[in-house]
Each structure stands twice: as C-alpha cells, then as structure tokens.
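1. Provide a 3D model corresponding to the input given below.
(5 chains)
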Amino acid sequence: MSILYFFLYLLLVTVIGLLYMGVARKVTAHIQNRYGPPIYQPILDVLKLFGKRHTVTHGVMHSLGPVIAYTGIASTLLFLPLGNHTPLLHFKGDLFVVLYLLVVGPLGMALGAGESSNPNATIAMARALSLMLGYEIIFFMATLPVFYHYHTASIYKVIQAQGVFPHWGAIIFPISFLAALFALQGMMGEKPFEIAIAPHEIASGPMVEYGGKYLGLLQLWHAVGIIVETGLLVDIFFGPQNIIWFFIGTFIVFYVVILVNAVMPRFRIEQAVRFYWGIPLLLAILGILQVYIWR
Amino acid sequence: MLKNGVLKMKNEEQIKKDIETTFGELVKVHIKRRHRIKVDAPKNMTLPILAYLKQRGFHQFTLLTCVDWIKKGMFELVYNLYSLDYNVHVLVSTHINRENESMPTAINIYEMAFDYEREIHEMFGVEFEGHPRLGEFLLEDWKGMPPMRKDFDTRAYVEEKFNVKDLTKELFTRKEQPYRGPGSNG
Amino acid sequence: MAMFLLLLIIGLTGLLAFILGPIKVLRNIISLIGAIGGLLYFVFKIRPGQAYALNIKIYNVHFGTGMSALSIFFGIILLGLFLIFLIASFHEDNDGAYYMFSFFSLLGALGVLFAKDLISFFFFFETMSLFSFLIVLKGNGETSHRSAFKYVMWSAFGAYAFLLGTFLKVNYTHSVMITDISYLGGNIKLWILILLLTPFMVKTALMPFHLWAPGAYTDSKDTYTVFLSGGLSKIGVFGYFIALFNVFSQIAVLYPWLLKVFAYIGAITASLAGIYAFMQDDAKKLLAYSSISQLGYVAVGFGVYSHFSVVAALFHALGHAVFESLLFLVVAGVYYRTKTHDLRKMGGLIKKMPLSFIGLLFGIIATSGIPPTIGFPSKWLLYEAIILKNDLFLVSLVFFASITAFLYSYKLIHSIFLGKLHKEHEHIKEAPFGYGFGIVVLLIPLFVLGTNPGIVVKPIDYIVRFYLKPDLAYNLTNMTTPLGHVNFPAIGITMTLLFTLSFIIYLIFGKSYRAAQEDNYTATEWIDKDFGLHYGGEFYGFMRKAFGKPLTWSFEKILNACLKVVSFLGEIARGFYMGDARVYLFYIILFFAIIVYIMGGKL
Amino acid sequence: MVSPILVIALTLFLAFSIPLLHMLSKKLPPFVPPLATLINLWILITNIKHVGEGAMLITTAGLKPPIAINLAIDKFSLLFAILIQVIGFLLSIYYLSQERKDMRFYMLFLLNILGASGIVMTGDLFNSFVFLEILEISSFGLVASGKDKKALEGGFKYMMIGAIGSSLYLLGIIVLYLSTGTLNMAHIAKLMPSIPDSVKLFSSILFLIGIGVEVELFPLNAWAPDAYQGAMDEISTQLSSIISKTGIYLAARIFLTIYGGLYATNIIFYLAITTFIVAELAALMQKNVKRMLAYSSVGQMGLLMLILSVFAKRGDVFVLTTAILLALNHAFGKGLLFLSLGSLTGNTRNYDIEDLKGAGRANPVLGFLFATGVLSIIGMPIFFGFWSKISLLISIMKANLMYLLALLLLVFLVELYYYANVIVNLFKGEGKKYRIGVIPVSVMLLFALSLIVFGLWPHPVFKIAQNAAASLMERSMYISSILGGM
Amino acid sequence: MKLFNFSQSRSLWMMHFCTGCGAMEMPPTMTSRFDMERFGIIPMATPRQSDLLLITGYLTIKTLKRVVRAYEQMPTPRYVLGFGSCTINGGMYWDSYNVIKKLELYIPVDIYINGCMPRPEAIIDAFLKLREMIAKGEANAWKKYIENYEWYKKNQSEVFDVEKWSIKNEK
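-> Down below sits the predicted model:
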C-alpha cells in the first residue's frame, strides 16, 4: 500500500513543483512589467518535451544521466518528511541521509553531461560542483544549531519538537536561518548563483545536448528539486505540523527566492565561492556560537 | 585659424615640402584640401614612402583599397595613413597593371595591412609577395573569378548558381522607376 | 608457532619468486600459491588471543608475539588486498626482485600486526618501510628516485621517533612489552605517546607529515600503489589503535586536549588534501591526495575517542581499503592500455573500457560516501559521534572535506571516461583480466557492506567494546545512535525502485538516435573529427583564483629551511678537514695544550 | 697447543722471505700472504680452548714477567686477533685477483698483519709500541702505494700525524715506566694505586693523544678522510677494518685494564660525541662517495669510543658486548662498502655521485652488495647492523643518558640522509657496466652473506661477544692470571 | 496525439538564428512591450532543446551551411519561420553572388513573414498563426524535409559541397 501511496505522492509533488515554476515565471514576468505565461505553462512544456519524436543521445551514460538525476531527487523526497507524515512510514528521515542523497541528482546529471563531451556541459559541471563547495557547507552549518538544540539528527523529531509558533527554528536561530537562505539561493541554482545553467555564457550548461524526453526528465527533476530543497529548509526552521502548512511554507520561501532571482545579475564562479566564504560563513558561525552561548 | 582668408595649412605644407625634399620628383605630392594630402608614387617607391611616413609620425594605417580601372587595365592601390599629432590624412596611391602583376606586401611596415591585403587578394586577385596567408578569407570554397573585379558579371553568375531563369524579368514586374528624390517612391 | 609459519610461507615465496625471476610463468604461479596459501592459512588457522611465542631471547628483549582481534581484522584486509594486487601485477612486466620486495613488505606489515613488544614492532615496521622503499625506487617515471628518497627519509624519521619513544618508555617502565603507561607521573608519558604516534601519523600521511605520500603513491608501480595505499596505510591506523588504547588508555582523562588537536589535524588534513586533490592534473597524484584525505577521516574518528567514533574510524579504514584500491586499480588498468596518467590526454574511454567505467563509477560513489555504498555508514557514524561530542565546528570541517570528495571524484571520472575519445585511443580494448578480476572482487564488498554494515560492525564493536563503553545499537542492516537511526538497505531498495520507475518513463517516450561525436552543439560552427573537444586538464582552474594564496603555502618550504640549516653545519664540519698536514699538526698541539691546561688544575 | 708466539714469528719470517721468493719467480709472492694468514688463523683457533678464565701467559725464552717480553692473550684479544686474521686472509685473496708489479706491497701487507696481531696479543707496553710502529709504517706504505697524487698526499699526512701520535704514546710509556719500573701491563695495572695522581693524569693524557690519533678522535682525526680517500679501495678496507680495530683494542686495553676506566674517560666521552657529530655532518655535504664513506667510518669509530667511555662511566657486560658488535658490524660492513665501491666505479678512482648514477642498475650484483653494506651500516632490520644499533641504543638507555639517545637518533637520521642519497642515485638512470673478476665478487659475497646471516640469526655472535666482553671486564682476573702469584 | 499537438502549440521553444537585420525585431517581441512569453515562446540556447527556428534576414552561402546544421540538430517536430523578404526571394540582395534566393529550396519553411523586417506585431501574428497550424496538426513541414531529403540535399549541393559540410551520423 505504501508503495502506491508513494507514487501518488511523487506525482503530486511533481505537479506542484511544475506549478511553482509557472508561478516563478509569472512573477518574474510581472516584475519585468509583462504578462508572462500561464501558471500551467511548465506542465505544457514537459508534455511537449515528452511528445518529441526523434531525440539524440551521445551514449548510454548520456541517456542514463537524467534517469539517475530523477532517481536521486525522488529518493531524497522519499526520505524527507513533508509536514508531520512521511511517505515511508517506518523510516523517519535523517539529516545526513538527505544531504548525501541530494548530491546523487547533480552527480547523475554531471555524468550524463560529461558523456556528451560538449565543453559547455563540462565547464558547467565544474562550476556547479565548485559552487557546491560554497553553499553546501553553509547550509550544513546553518541547520546544525537546530539539530543540536533538539538533540537529534532526525528531521522528523525536529518537526515534532518545533510545534507552536514561538518554538520555530527560525525564531530561535534567526542568524542561521538567514545563512540557510543564502545557501538555499545557491542550492536552487537561482539567479545570483545561476552559474551552472548560465544560458548566455555556456548555452544552458549541462542541458546543452539534452533534448526531447531527456529535457523533460530534467524539468521534472528541477520541479521536484524545488519542493525538496525548500521543503528541507521549511522542515528544519519552521516545523510545519501538517502538509498544508508545509506547502504554504515552501511557497513563501520559494517566493522569496524568486524575488531575489528576478532582480539579481549573475556572479562569476570564483566570486560566488568567495562570496559564500564571506558573510554567509560568518552568519553560520555566529549561529553556531549562539547555540553554544544560549544552551 | 584663418590667415588672411585662407586656412593656414602649416602642417600640410611642411609635410609636402618634406616629402618633396626627400623624394624629389620621383613622387607627385599635392594637397587636396585641409587635412588631406595625396601622394602618387610609382610601384617601386610605395614602400619607402610608407616607411618614411611612418617614422615621420603617421602611425595609423587606416585603410588599403583597390580601384579597378578596367579601361586603363590598371589596379590602383590606395594606402590611407593618418597622423594624430598633425591631424592629417595621407593617401599614397600607386598603379599596377591588372593582369597578374604582384605587389610587395606592406606587413613589415604596418601589420594592419595583413587582412586588407588578404581581402584585396580574394576580391581582386592581386598577388602580394611575402604575405604568409593569402588563401581563402571571407568567401568559403569560392571557385570563380575574384568577384569585385569589374569584368565579373554578377547577374550571370547568380542565374547560373541559383538557377534563377530570367533574373530581372521574374523579380521585377514593373519597369524601373526613375528616381524622384527621397520620400517619393510611391 | 602458527604465526611464525605464516611469516615463513610469505618469506619463502618471496625468495622463490626472486630466484625464479626470469621464468615468468613459474614465478607468477609460485607467488600466487604463496599469497592464497597465506590468506587461507591466516583465515582458518589464526585465532585471536593465542600467543605465538616466537621468543627470540636476545639479551633481555623477549620477542613475544600475539594475536588480537584487531590484528586479524587488519590482517585479512592486508592479505586480501595483496592477493588482488598480485593478480593485477602479472600484467605488468616486473622482475623477480619486485615480487620479492612486495612479499617482504607484506611480511613486515603482518609482523607489525603480530608484534607484542615494541622492539619487534619496530623491527617489522622498519622491514615494511625498507622494502616498500625499494619498490618505490624501482618504480617507473623519472622522479621516482626523488620520491623514494623522500619516502625513506620520512619513514626513517617516524621510525627513529618511535625508537626514542620506546626507549623512553623502557627507561621509565622497565618493560619492552606494549603495556599501559598512563600511570607514569609527570608529562613524560605525553612525550612518549607523541613519539610513538609519529610513525603512524607519517604512515597515514597526516598533514604535517604527508609530503612523501603524493610522490611515493604516484611513482611506485601502478599495481603496487593499490597495496601501498590500501594495505600499508592501514598499519598506520593499527598503530593509532595500539598507541591510543593499549599504550595510553587513560588519554581521554589525562590529555583530552591532545585528542581534540589530533581530531582537528585529521579534519584539516582531510579538507586540505581534498582541495589539493581536485587541483591535480595527474590521475595518480589526484588519487594520492584523495587517499590522504580519506585517512584524515580515520584520524578524526580516533581523535573524537567515543565508542562509535572509533568504530566509524575502523569501518572507514576498511572502506578506504576497498574503494581507494578500486580507484587505483582502475587507473592502473587505464594506464596499462593508454600508457599515460595525465588527465589531459585521456577522455571518452567509456566506449572502450565499460567495466573499468562501472568500477570507477561505483568507486567514486563510495569515495564521496553516497548511501548505498560502503563509504556512507562510516561517515554517518562519524558525524553522529562528533555531534554527540558537541563539537560543531569539527563536524562542519569534516563535512567540508567530504564535499571536496565530490569534486575530485567527478573530475577523475570525467577526465578519464567521459568526454571525447582521443584519436590514438581509437582501438584500445578493455583492461585485461587481472584488473577486471580485481574490480569485480572489490565491487562486491562495496555494495554488500554498504547495505548491511552489520557484518563488519560486529567484529569491530567486539574489539572496541573492550576499551570504551558501547552506546551504539546495531543489527545486520540498521544502526541507531542516541541521535538518529538509519536503515541502510531501505535506502538501497528505494533507490533501485525509483531507478526502475524513471527508467520506465525513459523507455515509454520516443526513440533516440545515437549522434556522432562531432555532432555537438558548438554554436553551429563546424568541427571536424579530431577537433579537441575534451576539457580534461585545468578542470577546476578557476578555483585557483577563488582560493588564491593559501594554495601556494606548502610544508615543503619549512622542510627546505631546516635542510639548509643542517647543510650549513655540514659546511662548517667539512671546513675542518680541509687544509694540509701542517694545519693538522697545529690542531694536535693546540689540543694537547688545551687538555694540559684543563687537566693542569688537577695536577 | 701451538704457542701463539709462532703467529708473530711466522709472519715476520714470511714477510722477509718474500724478496727471496721474488728472486725465484715472479708469480710466487702473491701466494705468501694468504698462506701466512691461513696458518695464523689455524694457530689461533687451536688456542681457543686453552684461553681459560683470565689471560693466558706465553713467555718467551722462559723468563717470567715482568722482565721478559711476553704475550697476554685473553678471550677479548683472541677475538680481535681472529678478526684480523680473517679479514687479512680475505683481503689477501682479493689481492690475488690483481697483478702487482712490485712485490714490496705484499711485504708491507704482511708487516701490517704482523703489527696488528702483535698489538692485540702483547702483554708488554713497550712491545705494543714497537708493534704500533710496525703497523703505522706499513700502513703509511700501503696508503702511499696508490702512486697517484691523492694517495701520496694521504700517506704523507697519515705519516706525519702518526709519527706525532706514536711519539706521544712512547712518552706516556716512559712516564709509566719511570713511575712503576716495569713495562708489563698487568704489573702496571697492579701497581696503579701506588702511582701518584698527577703522574697518572699526565700519562693518561699522553696515551689519550697517542691512541686518539690511531682511533681517530675529534681533533686528531684530520688525517683520516684524506688517507681513506687517497688509498686504493682494498687498502682503505684494510684501514677501516683492521687498523682502526687494533686502535680500539689498544684503547680498551690501556684505558680499561691499566687505568681501570678513570681519568681520561670523560674527556673521551665528550670527544667521541663531537667526533661522531662532526664526521656525520661533514659527510652530509660530500659529493665524493669515497670521502663520504671515510667520514662515516670516522663517525663509527667515534661511536665505538663513545661506547667504551660509557662502559667506563657505568659499565656492565652488555655495554661492552655492544662495543664488540659495533666493531664487527663496522669491520664487515665498511670493508664491503669500500671493496664494492672500487669495483662499482671500475677502478677508475673517480667516485663522484654524478658518475655513479645508475651504476647499481647497470651491474646488479655489485649494486646488491653495496646496498647490503649501506643498509647494514645504517641498521636496517634484515641485516646485522640492526642488532648492533639496537644494542647501542639499549646500552645508552641503560646508562640513562636520554638526551644523548635523542642526539644520536638525530645524527642517525643525518647519516641515513646521505646514505639514502647514494643508494637512490645508484639505482636510477643508465650507468656503465664493468667486468669484475670472480674472486673479488666472491670475497664481497662472503662479507655480505656474513652480514645477512648474522642479521637473521644473531645468537652465535652474541655469545662470542658476551664472553669476550666478560674477560675484558674483570681487570683483577687479568692481572692475577698474568702475574701468577708474583 | 491531440494532447501533444496542443502542448506543442502552447509551448514553442524558439532558437533564434540572428542573421541579417531581423535580429533587431526580436527584443521588442520578447520584452514587456509585446511579450511573446505569454504564448509560451521562450528563447532557447541550443538547437537540441528548441522546436522553432527563426531565420531573421538574408542568408549567405556561408551562413546557410550553419543553418542547415542547426536545423538538422533540432529534434523533430521542428518548425521554421522565415522573416522578411530576404528569405522569400533574396530581397534587396536579389542579384548578389553570395546571398541565397529562396530559403525553402534548402530547408522547409512553415511561415514566411514578409516586409523588410516585419514589426513585432507581424511576428506575434505569425506566432499565433503557427500555433493554430500546430494545434490543427497541419504544420508538418518537417515531415517534408525527411520525406524528400534527397531533393533538399540536391538543392543544397548546388550551392555548397554537401559532402564536406554535413554531419555524418546515421539518421
């Protein structure tokens, strides 16, 4: 039963993710003083991509890349408790499992993009992985205080512990929440840190050689990714008690990310990495110090 | 600054006098107008003049063009130089005959001439001795006669290449309209 | 006497291999029989606890030997890896002496495991480094003699420090056996511990002592590096255990700050070596630094000194033995075919060497510690342990180090297997059987231990339980610590399930054609067949600007400074011996006068 | 029981018979030295049983000590005598393989053996001076026999300083003779308490310098590097194995038996440390391998003297056994090194490191031999050197001189630095291949095998060294057995 | 199939081969004044991802080779939009030795927009026209390219040496 239950979940999350992407394009459009496509546009895009007849592949790994990417992000979704109930009932999601599974997605895409031997793709992957050097450590250091405060490494227990409004992680640890927001911007690959998929410089980065159904899979991967990444942040810092609050939370966080994305230009890769070791690192360290002092 | 009604062309006269003194009557120099001097030089004297002008102060090699005097059967190569300090343009022109006469390259005096000479070679078929890479420049896989030469019939080439039957008839139903000035094309 | 017999078997096979050197086939068979015999003998005959008295009674040093469970654990790793190394090395053209040295270095390593007293520990430790030095000296490559020289100097430095530590201990406790010294007064026991720890820090290449490692790993023969990095570095880990538990068991009580420093050194080594790793353009140097970085985690595990942090450290040591030797084996196979280590010259080999690709793929997944493989459980345990010790900065440093693992592992797999195939690699075949066999054999534990770590955690826990209070509940498949709970096979199953799901999506929709190599988006500009599309070298070149100066610091400068001082002294000493007979006579007379003057007082 | 006096008589007779034999036929002289050393060896071996507890007294012409010249042989001197004969025999076989123009070389060699065995066996001080003179003169000759500029210069320096040394040694003997009236060592040892303090001190200084030159202590060893480097390879082997060992014996005999380990010993202690450090540091920057080996043997001698002085300070039998182990290891190891170096460079006598590049790889057997020598000197596990080094460190630890231990380990590291440098250069790159005769290789193989076999199974050597050390230690036993109830 | 046609019509990803002077018309259509994104048309970076190819202006032989390569790299179904009179009959370069005269000789074109660089309104109008055609399933010019592939190749070979300038992978 839970397997069927999970597939429904995955479908729901993918659709919501696509809708989020539609909202994102709508919001950026309105910021740029134009109407922008309908909200359900990404769903249409994905359907069109899957409708394509002849697509081209550069080898087994190239075609398996998007498949692994989607597997990675879907399995991360599996281990992330959305709100208070988790898809896999007996296993209560653990921070490190989720963090390491988050990497499977980019790794899969990196392998696929690498196989295409297109320099744009490989440069993009080099940038994406080096950027990860920047935001991943900040995100980890930002979430550490909450886990340490509640003496557990399982996300599920953290949600339970947060309960009512004044106990939210963001209220207790505002500094690390801020650092986590910086990290989230990089993790989502949104504008200031859109270095990997920079369409103007390296022709949409890793997706250079992907067309048709591969691009469709990658779009699904991106959609689920939005929900998972924002969801992770919401779970840790807001601890939504039920699924509705969870999606509202993710939407608000996503909205903030989109606003920043619509307005900001793009960093160069070394600027981005060095930026991450500037203010966000400082904030994260302050967050940790706060735990030590406050405890 | 006007001097008794005639623009004072101190620099231009000075340069003119210098060229005449150094090259004597081998070379005809006349000031066309303010800031512009024309030098007609025979083929073998062009490079010395260019070298002289360069050290004289004409650092900028603006342009190298070629004019196809098909009636006289001559190509006229015009080297445009410009000096910032004197604000004067010098046009060194020389004549070589059309059929397979070659011209020594000016690269070692002005590197800028590199691409201009390639373009002229491709478009007019002029051979520049000592130029390292004359070959193909703008037109890929161009087999025919250099297109800019007067004796190249574009229309015939187009009809043959793009097998358009009667070029003029098909494209223009109306007969040619006389030009009645701007904004009057009706 | 069983242990003595084992060492005899290995020693004899070594000698036989040397004698039969020229006859390749015979030598290979003999050494194979010796290695397999040794492994089987070890697994079946040797039981923990039995004291196999070798008792060479030299003056008052009793050469006792004994077997602890830990030495069996490491013994199996060593012998297993040696077998894999041996099978792979038949493809390389190396002479009898090479095999003799490798057998003797194995002998030294096993001897260290069995040693009960410090002098025999030193004896076998020295044999091991001597013979591995000789092998590195025989290595290919023009800088192999420089790195061999560095290797012997560093291991001698470690060995002499160990010797000094031993003699200090014997001087204060009058016993050469590995007994506890925490009851000694004053901080002499601190000095003894540090001195005893140095050779192991050198062997596992912790930061200040790591200068020899990249050179030695790169320049020794490819297959031997598998054994050198996978096997011999485990002796360093074994040494940590001996030093921190048998020799100085009260360290957590007496010098907690030393443990914290040790943990931080491990963490810094892990992250810095990781950063150096992804800057390298030579496959083996990259792997050498990655090996140093992985061993950094083990040091952190020991530094944290809680029950399941040590379990994590030992588990990670096993993991490192598995996936590091897998990576080196694949690179050796690639070198066998393409005759180059330089990442710039390789590329697109996935089409030609699929098995090596799969081996490397799962190898790097394990190196970066992604769940279903062996790399994840140890890392997970380590994080839990550090958080329990509420040292948050240390855990972030370790996490940073594990991210660098992603970077250099992707660079490795990309530059070798993905990207465009070079013209000269058009017709190469898959790596020969020896390498293939090793890859397949190493892949099995990679997954089996990754999904149900219980198999290995049980013996390790049995070892560590004796010294530290156990607070890790585990069964075959999942582990629970005070902080969290993980069910490893669950992760594995869900990932395979989802892989099939997305694979079905992939199959349903439309066919896809295979495009030629040069049919690539290059802003529609035309490229021909041998247009270099491969972006191998300088993969993270831009990171140099991001890190800037810190990358340029190196311990090499400090080392050269003190070398200069010593050679300056040498100059002065040499000066004395210049000059001719007259000067020497003057020396004697002057000396005579001084002595008489000094002694004159007492006349 | 063949009286050991025959050893001296026989070598003397054979040495001077060489010119006669030379007259008979050119080829004969080279066979005399091996014959002589073989017979000596046989004589000494037969005498092992007879050396009982203390020393065995052999009188010449029936006169009792303290008047006549007599030999006092105890286990310690017997061990050294056998060592000298063994190495002498091996070297003489080595000489067989090389044709020599003048037969005088063999005479010098035999004289050298004579001097060495004489010093080791004599019980009489003046007699030891005489043998010391013979030894030094013959070794000047041997060193100078190299016939090129470096050899002559080395020989000259050796002679100058050797002469000074032996004259001071004679002065010391005279002082002792004046104060005790006798020349017999045991007798002097017996009368030692009665000598006034200042005289003892002054004579010990004189002896210190006299023997110091022979045993290469710090300020006195300036001649050593040039002599070793200048001499031909076989001669420097002889220098390092035989002559320096006799110096050690003499030092042991005089300072330990006669003086009972007082007076000059703490000067020797500090001198020995400085010798060891200065020699090792000097070797560090050496580009010429032969000179590097010379410095290293000077350093080893310093180490030996250090052990003797440590014994004098807080002696027990274990420290002396280490001294003997070190002596053996140095004799065999260094001998092997010099010989293999000679054939590695194909007797071209240019020993620069650059020219040696890859020589080990070109001729693997010699490479192996040289490597065994180096590894044994450094003290690597498989070889005999390991046991000598470990026992050295243990004996120093027993005398709980911890700082000295740390210092020694540091200097061992320096020593390893330059030795490893040589080995690494030897086995890298392309070297020239040299043809070497069967005999030299077999001699060197013998050396190497002894190092490895003793390295793996050191028990027999320990036992021999142990009872030799025991006999040296009991000073009173020595005196009473010699004087026999005087 | 109808769903795919509908989704294809509603989300056209455009690759803009900006040759000639047409490129100037694209920014106004993309940005806030005329906003083509509301029709689901976004500019894409590579041919692999896009389904609509805009040829905005005259094509010399040199650029034609690149256009053909880009066209063949696009996944099917793919559509081509010819801007301005230069693509129809060579425009003012009617007698130039370098410019090709008729675009559809070389690649099948769905819609032409005449005018010497049509204004954004005309472009938007063309897009809407293309949307209906796709929705009704009539816009299958790409099928023509595959069916009479040789004919197109013959035309192309007249203008440039197809053998040298073509992608050699099995189609």
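
2. Can you tell me the closest non-neighbouring residue to the closest residue to chain A within chain B?
-> Closest contact between chain B and chain A, by Cβ to the nearest Cβ, is at B:E140 (23.9 Å). Where you see a C-beta, it was placed from the backbone N, CA and C, and this is true even at glycine. Ranked by Cβ to Cβ, 6 or more residues apart in numbering or on different chains and with sequence neighbours excluded, the top spatial neighbour of B:E140 is E:K62, at 5.2 Å.

3. Any buried residues in the strand or helix carrying the one you found, and which?
-> Applying DSSP states H and E as the criterion places E:K62 in helix E:61-73. The neighbour-count check on helix E:61-73 (16 or more other Cβ atoms under 10 Å in any protein chain shown) flags E:I61, E:T63, E:L64, E:K65, E:R66, E:V67, E:V68, E:R69, E:A70, E:Y71, E:E72, E:Q73 as buried.

4. possible to save those residues as JSON lines with pLDDT?
-> Output for the buried residues of helix E:61-73, formatted as JSON lines (pLDDT from 0 to 100):
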{"residue": "E:I61", "pLDDT": "86"}
{"residue": "E:T63", "pLDDT": "87"}
{"residue": "E:L64", "pLDDT": "87"}
{"residue": "E:K65", "pLDDT": "86"}
{"residue": "E:R66", "pLDDT": "86"}
{"residue": "E:V67", "pLDDT": "87"}
{"residue": "E:V68", "pLDDT": "87"}
{"residue": "E:R69", "pLDDT": "85"}
{"residue": "E:A70", "pLDDT": "86"}
{"residue": "E:Y71", "pLDDT": "87"}
{"residue": "E:E72", "pLDDT": "85"}
{"residue": "E:Q73", "pLDDT": "84"}
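
5. Quick check: which of the residues you listed are also close to chain D?
-> Near chain D, judged by Cβ under 8 Å from any Cβ of the partner chain, there are no entries from the buried residues of helix E:61-73.

6. Dump the residues you listed into CSV; add distance to chain C as well.
-> CSV is the format used below for the buried residues of helix E:61-73 (distance: Cβ to the nearest Cβ, whole Å):
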residue, distance to chain C
E:I61, 13
E:T63, 9
E:L64, 11
E:K65, 7
E:R66, 4
E:V67, 8
E:V68, 9
E:R69, 5
E:A70, 5
E:Y71, 10
E:E72, 8
E:Q73, 7
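
7. hang on, the earlier thing: neighbours around the residue of chain B closest to chain A, how many?
-> B:E140 is flanked by 15 other residues according to other Cβ atoms under 10 Å in any protein chain shown.

8. mind checking which helix or strand the nearest residue to A:T250 once chain neighbours are set aside is in?
-> In space, and not counting its chain neighbours, A:T250 is closest to A:T230: 4.2 Å by Cβ to Cβ, 6+ apart. According to DSSP H and E, A:T230 maps onto helix A:212-237.

9. Quick check: next helix or strand after that helix?
-> helix A:243-263.

10. and the following helix or strand past that following helix, which residues are buried?
-> The helix or strand immediately downstream of helix A:243-263 is helix A:269-276, counting by DSSP H and E. For helix A:269-276, a neighbour-count test (16+ other Cβ under 10 Å) marks A:I269, A:E270, A:A272, A:V273, A:R274, A:F275, A:Y276 as buried.

11. How about stretch B:36-54?
-> By neighbour count with 16+ other Cβ under 10 Å, stretch B:36-54 contains the buried residues B:I37, B:K38, B:V39, B:A41, B:M45, B:T46, B:L47, B:I49, B:L50, B:Y52, B:L53, B:K54.

12. picking that back up, could you look up the SS state of the residue of chain B closest to chain A?
-> Put simply, B:E140 is coil when judged by DSSP: H, G, I helix; E, B strand; the rest coil.

13. what residues are up against it?
-> E:I61, E:K62, E:K65, E:F160 (Cβ atoms under 8 Å, 6 or more residues apart in numbering or on different chains).

14. Show the contacting residues for the spatially closest residue to D:A36 that is not a sequence neighbour.
-> Leaving out its chain neighbours, the residue that sits closest to D:A36 by Cβ to Cβ, 6+ apart is D:L14, at 4.6 Å. D:L14 sits next to D:V32, D:L35, D:A36, D:L110 when contact means Cβ under 8 Å, 6+ apart.

15. need the residues you listed in a markdown table with neighbour count, pLDDT and secondary structure, can you?
-> As requested, these are exported to a markdown table (neighbours: other Cβ atoms under 10 Å in any protein chain shown; pLDDT from 0 to 100; DSSP: H, G, I helix; E, B strand; the rest coil):
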| residue | neighbour count | pLDDT | secondary structure |
| --- | --- | --- | --- |
| D:V32 | 22 | 78 | helix |
| D:L35 | 13 | 82 | helix |
| D:A36 | 28 | 81 | helix |
| D:L110 | 27 | 85 | helix |
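
16. Got phi/psi on the residue in the stretch 151-300 of chain D positioned nearest to chain E?
-> Residue nearest to chain E within the stretch 151-300 of chain D: D:K287 (62.8 Å; Cβ to the nearest Cβ). Backbone torsions for D:K287, taken as degrees, to the nearest 10, come to phi -100, psi -20.

17. Which residue does the stretch 501-603 of chain C have closest to chain B?
-> Counting by Cβ to the nearest Cβ, the stretch 501-603 of chain C gets nearest chain B through C:W526, at 9.7 Å.

18. Can you get me a residue count around residue 13?
-> Using chain A. Count around A:V13 with other Cβ under 10 Å applied: 24.

19. please go with chain D instead
-> 12.

20. for D:F109, same thing?
-> Neighbours of D:F109 (other Cβ under 10 Å): 28.

21. ok, and does the longest helix along chain E reach over to chain A?
-> Identified as the longest helix of chain E according to DSSP state H is helix E:120-136. No: using Cβ under 8 Å from any Cβ, helix E:120-136 never reaches chain A; the gap is at least 9.9 Å.
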